[in-house]
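Q: 3D, please:
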Amino acid sequence: MKAYLPKSFQREAKGEGISDEDCRKALQRLESGLIDADLGSGLVKQRIPRGGQGAARGLRTVIFYKRGEVAVFLHIFAKSDKANLTRSELAEYLKLAHFLEKLTEPKLKELGGARGWRELEI
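A: Okay, here's the model as predicted:
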């Protein structure tokens, strides 16, 4: 499986103190079938614990996910800042998911390279 961290996600994660290892653990949970919330069209919401506070008080990530194939971390937010995505945010992420779903692996890699995405070492 390939996993990508878009530039905006890298910036958000750094600000929240989220490491690559935290992202890998979230992916391991996804791959084992432990999905916190299925948002539809390949989008999932997955918890990432924040510095010793546990997953319930941690952060939420929005990930485009195709089991065993690809994961693209799209957004991260603290539950304390907002309980969930707004309807308009969800609509935008669903549009993006439909776009990502159609991309082949080479096209996804090309897009990622052009936009400054980093591949997560798994």
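
Q: for Ile35, pull up the helix or strand it's in.
A: Under the criterion DSSP states H and E, no helix or strand holds Ile35.

Q: buried set for the lengthiest helix in the chain?
A: What stands out as the longest helix in the chain, according to DSSP state H, is helix 87-102. Buried residues in helix 87-102, defined by neighbour count with 16 or more other CB atoms under 10 Å: Leu90, Tyr93, Leu96, Ala97, Leu100. In short, each C-beta sits where N, CA and C put it, glycine included.

Q: will you turn these into CSV that also has distance to Asp22 and pLDDT?
A: Below are the buried residues of helix 87-102 laid out as CSV (distance: CB to CB, whole Å; pLDDT from 0 to 100):
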residue, distance to Asp22, pLDDT
Leu90, 23, 96
Tyr93, 20, 96
Leu96, 22, 95
Ala97, 22, 95
Leu100, 22, 93
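
Q: and which of those is nearest Leu59?
A: Distances from Leu59 to those, taken as CB to CB, are shortest for Tyr93 (16.1 Å).

Q: mind listing what that closest one touches?
A: Leu39, Leu43, Val62, Leu74, His75, Leu85 (CB atoms under 8 Å, 6 or more residues apart in numbering).

Q: swap in 7 Å and give it another go.
A: Leu43, Val62, Leu74 (CB atoms under 7 Å, 6 or more residues apart in numbering).

Q: out of the residues you listed, the closest to Lys107 would be?
A: Leu74 (17.4 Å).

Q: what about that closest one, neighbour count?
A: 21 (other CB atoms under 10 Å).

Q: and it, its phi and psi?
A: The phi/psi pair for Leu74 (degrees, to the nearest 10) reads phi -100, psi -40.

Q: between the buried residues of helix 87-102, which is closest to Ile122?
A: Relative to Ile122, and with distances defined as CB to CB, the nearest of those is Leu100, at 18.1 Å.
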